[in-house]
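Engineer: sequence first, predicted coordinates after that:
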Amino acid sequence: MNIVILAAGQGKRMKSALPKVLQTLAGKPLLWHVLRTALSLQGKQTKTGPIVVIGHGANDVKEFLAATIQADSTFAKVTTVLQAEQKGTGHALLQTLSKLDVREPTLVLYGDVPLTTKKTLAKLTKLADGVHGQDSALALLTQNLSNPTGYGRIVREADGSVRSIVEEKDATSVQKAIQEINTGIMVLPTNTLKKWLKALRASNAQGEYYLTDVIAMAVMDGVPIRTVQADAEYETIGINSRDQLASLERVYQLNIANVLMNAGVSLADPARIDVRGTLECGRDVFIDIGCVFEGCVTLAAGTKVAPYCLIRNSVIGKDVVIHAFSHVDGAKVGANSIIGPYARLRPGADLASDVHIGNFVEVKNSKIASKSKANHLAYVGDSIVGSRVNIGAGTITCNYDGVNKHQTIIEDDVFIGSDTQLVAPVRVGRGATLGAGTTLTKDAPPNQLTVTRAKQISLQWQRPVKIEKSVSKKMPKKLAAESVKAKK
């Protein structure tokens, strides 16, 4: 089956420098959602992939496709065709004819209609019977709307057969009362499509070549027209403005929330969760309000995520507690660990079980073994930390010399006092203690106390006294000083 995705429009109502199809839904461009569904519908056996008709912002769309292919090779089958002038949907499809296999039907999709499901499209394509040649049917996806304003109406004969589609700007008052609308998504017999497209005329209010006009041509040619409707109205919604985009985002997120809850996840508020990728959860996971999940995230059974956390491309073990406002990115967190509040785990953070990472602690590219903790105001970067290590408040690993990164190794049972700097590369031996305020530039031996401090001294000291502004303005400096002295 040929699949053509029309994605050349500007989307003026978006008031954006980005083409409409690159506006994001659940963290991915609208076009990405349509392409993913199209590729799943075609299957791996199809040699040619979807054809995307581009126009406005063509270079931006090409850059997006190149980056997407680099990240996911399944998108490599996608090809593009340029519609240099946007003269309507019929004109857009006309640009693709040389790339279509006339032996296969052609499915037309839209880059700004992101949530049409594979199930619905499979029903639609089945209506075309998969028969090659003149006997193929034309399958049309329609939808009944309580408020059909803005959509083309399906005009039927008395026997219920489809006669034509009338766009709203060209519709009579009687036709505007029709609630069955055209979604634009259809399957066409490719071998007759060329003739129909060349016969299109721009004799309408918009001065464009409407693809919908081929419906009347199909009726004249005796091609059967069959219709089906989607299971949910949101499957057929196209995005033309930012408020429509925001509304569809909530629909998408609520669908995900329902799937999670049906799998045994508790959500404090299903309306306040954002999943921008995939989120896999075990039973009895609890997610509080305002949490955002990006990329591929796994939360094992019993994990609790407090409000306003961001978790990206991370694996979280069983019974972990992530306190509020924590940022977990590219990390692994072992079972029974406690993270946050206000903690930051950066890529390469690999925590074993029962690790505590507290408020305003940052961990990057480091392995921390079980039962170790850094509870306050610390930075652990490019490090290997053993078991049962205590990292005091204000401790940092000085891993960067301005050019290269260096590693810090902290062995088991080490106690690091507050406000300590470990200047890498350096090793702290098993059972060692570093006194508060230490700047470690050489390896610390095991089972010993290492301290680097200036000698403490006490001096007689008189704090300066602030001269009152009212006095200093009215008197010379010498008199003002004597006045202050007299007050004492």
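Structural biologist: Looks like it arrived, so ask away.
Engineer: would you map the helices across the chain?
Structural biologist: Assignment of helices within the chain using DSSP state H yields the ranges 30-42, 58-71, 89-94, 118-127, 173-176, 190-198, 214-220, 242-262, 469-474, 477-487.
Engineer: which of those helices has the lowest average pLDDT?
Structural biologist: Ranked by mean pLDDT, the helices of the chain bottom out at helix 477-487, which scores a mean of 53.
Engineer: how about residue 33, what does it touch?
Structural biologist: 25-26, 114-115 (Cβ atoms under 8 Å, 6 or more residues apart in numbering). Heads up, the C-betas are built off the backbone N, CA and C, glycines and all.
Engineer: go on, residue 124?
Structural biologist: Contacts of residue 124 (Cβ under 8 Å, 6+ apart): 107, 139-141, 185-187, 228.
Engineer: hmm, try it at 6 Å
Structural biologist: Applying Cβ atoms under 6 Å, 6 or more residues apart in numbering to residue 124 gives the contacts 139, 141, 187, 228.
Engineer: re the thing from before, and of the contacts of residue 33, the nearest to residue 48?
Structural biologist: Using Cβ to Cβ, residue 114 comes nearest to residue 48 of those, at 22.5 Å.
Engineer: and the closest one, how far from residue 34?
Structural biologist: 6 Å (Cβ to Cβ, to the nearest Å).
Engineer: now stretch 267-279 - C-alpha only, CSV.
Structural biologist: Taking Å, rounded to 0.1, in the frame of the first residue of the first chain, the C-alpha atoms of stretch 267-279 are listed here in CSV:
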residue,chain,number,x,y,z
LEU,A,267,-1.9,8.9,40.1
ALA,A,268,-2.7,11.8,42.5
ASP,A,269,-4.4,13.5,39.6
PRO,A,270,-4.7,11.9,36.1
ALA,A,271,-5.0,15.4,34.6
ARG,A,272,-1.6,16.4,35.9
ILE,A,273,0.9,14.0,34.4
ASP,A,274,3.0,14.3,31.2
VAL,A,275,4.5,11.4,29.5
ARG,A,276,6.7,12.4,26.5
GLY,A,277,8.0,9.0,25.5
THR,A,278,7.3,5.6,27.1
LEU,A,279,6.7,5.0,30.8
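Engineer: residues contacting it, please?
Structural biologist: 26-27, 253, 256-257, 287-297.
Engineer: now swap in stretch 161-179 and tell me
Structural biologist: By Cβ under 6 Å, 6+ apart, stretch 161-179 touches 144-145, 148, 150, 152-153, 155-157, 182, 204-205, 212, 215-216, 225.
Engineer: hmm, back to that, farthest-separated two in the contacts of stretch 267-279?
Structural biologist: Counting by Cβ to Cβ, the most remote pair of the contacts of stretch 267-279 is 289 and 296, 22.5 Å apart.
Engineer: okay, the helices of the chain in JSON lines with distance to residue 323 next?
Structural biologist: Below are these laid out as JSON lines (distance: least, Cβ to Cβ, whole Å):
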{"stretch": "helix 30-42", "distance to residue 323": "33"}
{"stretch": "helix 58-71", "distance to residue 323": "32"}
{"stretch": "helix 89-94", "distance to residue 323": "51"}
{"stretch": "helix 118-127", "distance to residue 323": "39"}
{"stretch": "helix 173-176", "distance to residue 323": "56"}
{"stretch": "helix 190-198", "distance to residue 323": "58"}
{"stretch": "helix 214-220", "distance to residue 323": "58"}
{"stretch": "helix 242-262", "distance to residue 323": "21"}
{"stretch": "helix 469-474", "distance to residue 323": "47"}
{"stretch": "helix 477-487", "distance to residue 323": "51"}
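Engineer: to residue 399, which of the ones you listed lies closest?
Structural biologist: helix 58-71 (29.1 Å).
Engineer: what's the angle from the closest one to helix 30-42?
Structural biologist: If you take axes from the mean of the first three to the mean of the last three Cα atoms, to 10 degrees, helix 58-71 sits at 50 degrees to helix 30-42.
Engineer: what count of nearby residues applies to the residue nearest to residue 345 when sequence neighbours are not counted?
Structural biologist: Once flanking residues are discounted, residue 345 sits nearest to residue 331: 3.9 Å by Cβ to Cβ, 6 or more residues apart in numbering. Residues lying near residue 331 (other Cβ atoms under 10 Å) number 25.
Engineer: could you do residue 65 as well?
Structural biologist: 21.
Engineer: and which of the contacts of stretch 267-279 is nearest residue 94?
Structural biologist: Nearest to residue 94 among the contacts of stretch 267-279 is residue 26, at 32.7 Å by Cβ to Cβ.
Engineer: can you give me the distance of that closest one to residue 125?
Structural biologist: Separation of residue 26 from residue 125 (Cβ to Cβ): 25 Å.
Engineer: contacting residues for residue 339?
Structural biologist: Here residue 339 is in contact with 322, 326, 357 (Cβ under 6 Å, 6+ apart).
Engineer: out of these, who's nearest residue 305?
Structural biologist: Nearest to residue 305 among the contacts of residue 339, with distances taken as Cβ to Cβ, is residue 322, at 4.8 Å.
Engineer: close enough to count as contact, that closest one and residue 303?
Structural biologist: No. With contact defined as Cβ atoms under 6 Å, residue 322 and residue 303 do not form a contacting pair (7.3 Å).
Engineer: more neighbours, these two?
Structural biologist: For residue 322 versus residue 303, the count of surrounding residues by other Cβ under 10 Å is larger for residue 322: 29 against 24.
Engineer: OK, contacts around the more buried one?
Structural biologist: 305, 309, 339-340.
Engineer: neighbours of residue 2, how many?
Structural biologist: For residue 2, using other Cβ under 10 Å, the count is 23.
Engineer: ah, wrong one, I meant residue 337
Structural biologist: By the measure other Cβ under 10 Å, the count of residues near residue 337 is 25.
Engineer: could you do residue 201 as well?
Structural biologist: 9.
Engineer: quick check, pLDDT for it.
Structural biologist: pLDDT, residue 201: 91.
Engineer: for it, give its distance to residue 209.
Structural biologist: Using Cβ to Cβ, one gets 7 Å for the distance from residue 201 to residue 209.
Engineer: kindly report the same for residue 350.
Structural biologist: Distance, residue 350 to residue 209, using Cβ to Cβ: 58 Å.
Engineer: about what we covered before: and of the helices of the chain, who's closest to residue 383?
Structural biologist: Of those, nearest to residue 383 by Cβ to Cβ is helix 58-71, at 29.9 Å.
Engineer: buried sites along the closest one?
Structural biologist: 58, 60-61, 64-65, 68 (16 or more other Cβ atoms under 10 Å).
Engineer: ditto for stretch 255-274
Structural biologist: For stretch 255-274, the neighbour count (16+ other Cβ under 10 Å) marks 256-257, 260, 265, 267, 272-274 as buried.
Engineer: now stretch 285-305
Structural biologist: For stretch 285-305, a neighbour-count test (16+ other Cβ under 10 Å) marks 285-288, 290-294, 297-300, 302-305 as buried.
Engineer: quick one: which of residue 114 and residue 34 has more around it?
Structural biologist: The residue with more neighbours, out of residue 114 and residue 34, is residue 114; 30 against 25, by other Cβ under 10 Å.
Engineer: leaving out chain neighbours, which residue sits closest to the more buried one?
Structural biologist: residue 33 (3.7 Å).
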